[in-house]
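Engineer: Mind looking at a prediction? Sequence and model below.
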Amino acid sequence: MSNILVLIEISHRGEIAASARGLLAAAATLGSPVAVVVSPAPLEDDDVARLGELGAARIYSAVTAAAGSVLVAPAVDALGGAVDAYEPAAILTANSVDGREAAARLAVRVGGSVLADVVQVSSENGTVVAQHSVFGGAYTVESVAEGGLPILTIRQGVIEGQAPAATADLQTVSLDAREEGVAIIDQFNDDAAVSARPELRTASTVVSGGRGLGSSENFVLVEQLADTLGAAVGASRAAVDAGYIAQTAQVGQTGVSVSPQLYIALGISGAIQHRAGMQTAKTIVAINKDEDAPIFEVADFGIVGDIFTVVPKLIEAVKARSN
Amino acid sequence: MKIVVLVKQVPDTAEERKLDLATGQLDREAADSVLDEINERALEAALRIKDANKGAEVVAMTMGPDDATQSLRKALSMGADSAVHIVDDSLDGADTGRTAATLAAALRSTGFDVVMAGNESTDGRAGVVPAMVAEHLRLPLLGSLISAEIADDGVSGVRQGEGGTLNVRAGLPAIVTVTERFPEARFPNFKGILTAKRKHVTTLSTAELGVPTGASRTVVVSTVERPPRAAGRKLIDDGTAADELADFLVANRLV
Ligand SMILES: Cc1cc2nc3c(=O)[nH]c(=O)nc-3n(C[C@H](O)[C@H](O)[C@H](O)COP(=O)(O)OP(=O)(O)OC[C@H]3O[C@@H](n4cnc5c(N)ncnc54)[C@H](O)[C@@H]3O)c2cc1C
C-alpha cells in the first residue's frame, strides 16, 4: 500500500492538534498513514500511542530546537525529509494557518501540486481525487493533480470517522535548525481558556448572533440559548467587528464554514457572505425583526420578531420540553 | 523602501458567483469583478507606511486578464505609485502553482524590500500563493498577521494562529500577509482618481518573464451545482412563535 504523509500539528504546549484524527482518517482511505511530527524534544510514549490509536502506521518524528522558535520552516524541512524517506503517493495537512503554509512551501520544494481546502478525499484507480465545496457550498468540485505529488490541505472539522488503530512504528530524526530566510517566533499568546462548549467547526448545533444583539452584554443571550441546546456559539462579521465576540467565532465567507444539523441565526440579516458559511446546514432557523431580511430566504423556520422577547421564551419552552 | 502589494481581481462577493459547469472555471459574466477586499486592506497597510515615510514606494502587482487593469487603476487611485500587470492568454485558468511561479518571476524583475498580500482571496480561499512565492524566492513569510510593524531593519507582527496569537518577526526582504483584522481600505479621492491616469502600468508576458507556459497541473474533473435552498415556514411573532419553534425543534429531533 502506498504511503500517505500527514503533517500532525503539535501546539507549543505539546498537545496534538484536533485536526490529527480527521487527517489520519482521510489518509487511511488513500493508503498507509505516516504521521510527520516536528517537536523540540523526542515524542513522549503517550503521543506515540495516541497517534497509533488515531491510525498512524508509522511516525516520522523530527526533533529540532527550532520547533518552537521558527515559524513553519521546520515542518517543511521535516516533510521534505519524509518525502525522501517514504516516497509517498500524497501528503495531507490541515487547512490551518500553519498547515497551508507548510503545504504551499513543500509543493514548491518537491515539485508537488496543492489541492486546497479539501472536504473529502477518495482514490480512483490510484489517482487521488479531492473534493472541494466552493462558494459557500453552492458547488461541489472535484480536482486531481495531473503532475507532481498531490499535496492536500483538508478543511478542519469536515472529515468524519476515524482510521483503524495501529501500532505506530517510530522513526526519530534530528533536524538542523536553519536561521537564514526564516521567520522567528518571539512569543505565544494563548487564547483564554477554551470554553466547555462544543467546537464551532464540528458542533451539531450552532447558535450565531449578529449586529442585532446590539452590545457585548446583550450577546450573552446567544450564549444562553447555545448552552440550553448544547450548541457552539457563532457570529456574523458585523458582531465580530463590533467587538461582541472573538474573531474565531465568525461564520461565513471569510470566517469558519459550518454544516451543523441545526443552525440558529439571531439578529443576523443574512448577507450573502454570511450565508456562504452556513447554508449547507441541515436545518436553518432565523429570528429577525425585519420581515425582508435575506436570511429568511434560506431558513426552514423563520420568526419575524424581536430576539429579546422571542429568545428568552424559546429557552423556557425548550427547557420545559426537555424535562 | 519598496513595497509590492499583490492584488487580485475577484468576483464581487456581494453577488451570486458562478462556476462554468463545463470547464469548472469561474464564470466571469456572472458577477462584477472587483479588487479583492483583503488585498485592499494589504494595500491600505502599505499606503499607511508611505503616508508616514515619503521615501516609501508602493507598487500594485496583479496577474490577471486584460480587464484586471480596472483593479490596478483602483489601486493607483488609492495611492499606489505604479502598477505591474502580468497578462498572457497562456495563463488562463492558472492554478496556484503556476500563479506563484509567475508572480515570483515578476517580483524578481521588479525588486522589492517587502511584498504584501492578503492571507486568502475570497474566490479561491486556498491561501497558499504567498507562501509558494516565498519559497520560490527563499524568503521568510509572516503570514496571517492581524497587525504589523514594517521598518527598514525588518518586519514584525502578530500572527493569528489556531489557538491564540504569536509574536513573529523577520529580516528584510520578506513577505507579509494580512487578515481582515487589518483596517478597511481608504476610498480613492478625486485627486487620486485624476493622478492615477498618469501613473505607469508595466505589462509583462510569460515570455518576458521566462516562465514556462505549460498547462496547470491541478485540474478540475467535475463540477456539480447544489440546488438552491428553498425558504420554509415564516411566522410573525404574536407571542406564541417561541412555542411553535420549540415544537418544531422537538418534532425534528433537533433538541
Ligand atoms: C469580502 C467580504 C467578506 C465578508 N465575510 C463575512 C463573513 O465571513 N461572515 C459574515 O457574517 N459577514 C461577512 N461579511 C459582511 C457581510 O456583508 C455583512 O455585513 C454581515 O454579515 C452583516 O452582519 P449582521 O447580519 O450581523 O448585521 P446586519 O446586516 O446589520 O444585520 C443585523 C440584523 O439584525 C436585525 N435585528 C436588529 N435588532 C434586532 C432585534 N432586536 N431582534 C431581531 N432582529 C434584530 C436587523 O433586522 C438586521 O437584519 C463580508 C463582507 C465582505 C465584503
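Structural biologist: Looks like it came in fine. Numbers count the residues shown, from 1 in each chain, chains lettered A, B, ... in the order given.

Engineer: mind checking the SS state of the residue of the stretch 1-150 of chain A found nearest the ligand?
Structural biologist: For the stretch 1-150 of chain A and the ligand, the shortest gap (C-beta to the nearest ligand atom) falls at residue A:136, measuring 9.5 Å. All C-beta spots, glycine's among them, are computed from the backbone N, C-alpha and C. Recorded secondary structure, residue A:136: coil (DSSP: H, G, I helix; E, B strand; the rest coil).

Engineer: Tell me, how many residues neighbour it?
Structural biologist: Close neighbours of residue A:136, defined as other C-beta atoms under 10 Å in any protein chain shown, add up to 21.

Engineer: Thought residue A:256 was touching it, still the case?
Structural biologist: No. With contacts counted by C-beta atoms under 8 Å, residue A:136 stays clear of residue A:256, the gap being 12.0 Å.

Engineer: Name the residue of chain B that lies nearest to the ligand.
Structural biologist: Counting by C-beta to the nearest ligand atom, chain B gets nearest the ligand through residue B:37, at 4.0 Å.

Engineer: How about the contacts made by that residue?
Structural biologist: Residue B:37 makes contacts with B:13, B:122, B:180, B:185, as judged by C-beta atoms under 8 Å, 6 or more residues apart in numbering or on different chains.

Engineer: residues in chain A within reach of the ligand, list them.
Structural biologist: Within chain A, the positions near the ligand by C-beta under 6 Å from any ligand atom are A:210-212, A:236-239, A:250-255, A:267-269, A:271, A:273-274, A:277, A:287-290, A:293, A:306-308.

Engineer: restrict the contacts of residue B:37 to contacts with the ligand.
Structural biologist: Filtering these for neighbours of the ligand using C-beta under 6 Å from any ligand atom leaves B:13, B:122.

Engineer: and the spatially most central residue of chain A, what does it touch?
Structural biologist: By C-alpha atoms, centre = their mean, chain A has its centre lying nearest to residue A:156, at 2.1 Å. Contacts for residue A:156 (C-beta under 8 Å, 6+ apart) come out as A:18-19, A:22, A:94-96, A:201.

Engineer: now with 10 Å?
Structural biologist: A:17-19, A:22-23, A:94-96, A:99, A:117, A:199, A:201-202, A:256-257, B:162 (C-beta atoms under 10 Å, 6 or more residues apart in numbering or on different chains).

Engineer: next one: residue A:247
Structural biologist: A:235, A:237, A:240-241, A:254-255, B:146, B:160, B:179-181.

Engineer: do the same with residue B:170
Structural biologist: A:71, A:181-184, B:114, B:139-142, B:154-157, B:176.

Engineer: quick one: it from residue B:135, how far?
Structural biologist: Between residue B:170 and residue B:135 the computed distance is 14 Å (C-beta to C-beta, to the nearest Å).

Engineer: Same question for residue A:172.
Structural biologist: Distance from residue A:172 to residue B:135, by C-beta to C-beta: 26 Å.

Engineer: Identify the contacts common to residue A:136 and residue A:256.
Structural biologist: Common contacts of residue A:136 and residue A:256 (C-beta under 10 Å, 6+ apart): A:277-278.

Engineer: what's the pLDDT at the closest residue to residue A:214 other than its chain neighbours?
Structural biologist: Closest residue to residue A:214 apart from its sequence neighbours, by C-beta to C-beta, 6 or more residues apart in numbering or on different chains: residue A:267 at 7.8 Å. What the model reports as pLDDT for residue A:267 is 98.

Engineer: how many other residues sit next to residue A:267?
Structural biologist: A count of neighbours around residue A:267, defined by other C-beta under 10 Å, yields 29.

Engineer: Surely residue B:100 forms part of a helix?
Structural biologist: Yes. Assessed with three-state DSSP, residue B:100 lies in a helix.

Engineer: State which helix of chain A is the longest.
Structural biologist: Counting by DSSP state H, the longest helix found in chain A is helix A:307-322.

Engineer: who does that one touch, helix- and strand-wise?
Structural biologist: Under the contact definition 3 or more C-beta pairs under 10 Å, 6 or more residues apart in numbering or on different chains; DSSP states H and E, helix A:307-322 sits against strand A:205-209, helix A:220-229, strand A:262-266, strand A:283-288, strand A:301-304, helix B:241-251.

Engineer: now with 6 Å?
Structural biologist: Here helix A:307-322 touches helix A:220-229, helix B:241-251, going by 3 or more C-beta pairs under 6 Å, 6 or more residues apart in numbering or on different chains; DSSP states H and E.

Engineer: I'd like those laid out as a markdown table, including mean neighbour count.
Structural biologist: Below are these laid out as a markdown table (neighbours: other C-beta atoms under 10 Å in any protein chain shown):
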| stretch | mean neighbour count |
| --- | --- |
| helix A:220-229 | 19 |
| helix B:241-251 | 18 |
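
Engineer: mind putting these in JSON lines, distance to residue B:20 and mean pLDDT included?
Structural biologist: Listed next are the helices and strands packed on helix A:307-322 as JSON lines, based on distance: least, C-beta to C-beta, whole Å; pLDDT from 0 to 100:
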{"stretch": "helix A:220-229", "distance to residue B:20": "39", "mean pLDDT": "98"}
{"stretch": "helix B:241-251", "distance to residue B:20": "39", "mean pLDDT": "97"}
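
Engineer: what's the closest of the ones you listed to residue A:297?
Structural biologist: Closest to residue A:297 of these, according to C-beta to C-beta: helix B:241-251, at 18.2 Å.

Engineer: The stretch 101-250 of chain A against chain B: which residues are in contact?
Structural biologist: Within the stretch 101-250 of chain A, the positions near chain B by C-beta under 6 Å from any C-beta of the partner chain are A:101, A:104-105, A:108, A:113-117, A:135, A:138-148, A:181-191.

Engineer: Going through these, which ones are buried?
Structural biologist: Listed as buried from those are A:101, A:104-105, A:108, A:113-117, A:135, A:138-145, A:181-185; burial here means 16 or more other C-beta atoms under 10 Å in any protein chain shown.

Engineer: related to what we said a few turns ago, how much space is there between the residue nearest to the centre of chain A and residue B:57?
Structural biologist: 39 Å.

Engineer: Kindly report the same for residue B:139.
Structural biologist: The gap separating residue B:139 from residue B:57 is 19 Å, by C-beta to C-beta.

Engineer: Looking at the lengthiest strand in chain A now, give me its mean pLDDT.
Structural biologist: Using DSSP state E to define each element, chain A has its longest strand at strand A:113-124. Throughout strand A:113-124, pLDDT has a mean value of 97.

Engineer: Strands of the stretch 1-150 of chain A, start to end?
Structural biologist: A:3-8, A:32-39, A:58-63, A:90-94, A:113-124, A:127-134, A:139-145, A:150-154 (DSSP state E, counting those that start in this stretch).

Engineer: now do the stretch 101-250 of chain B
Structural biologist: B:114-118, B:141-151, B:154-160, B:164-170, B:174-178, B:201-204, B:218-225, B:233-236.
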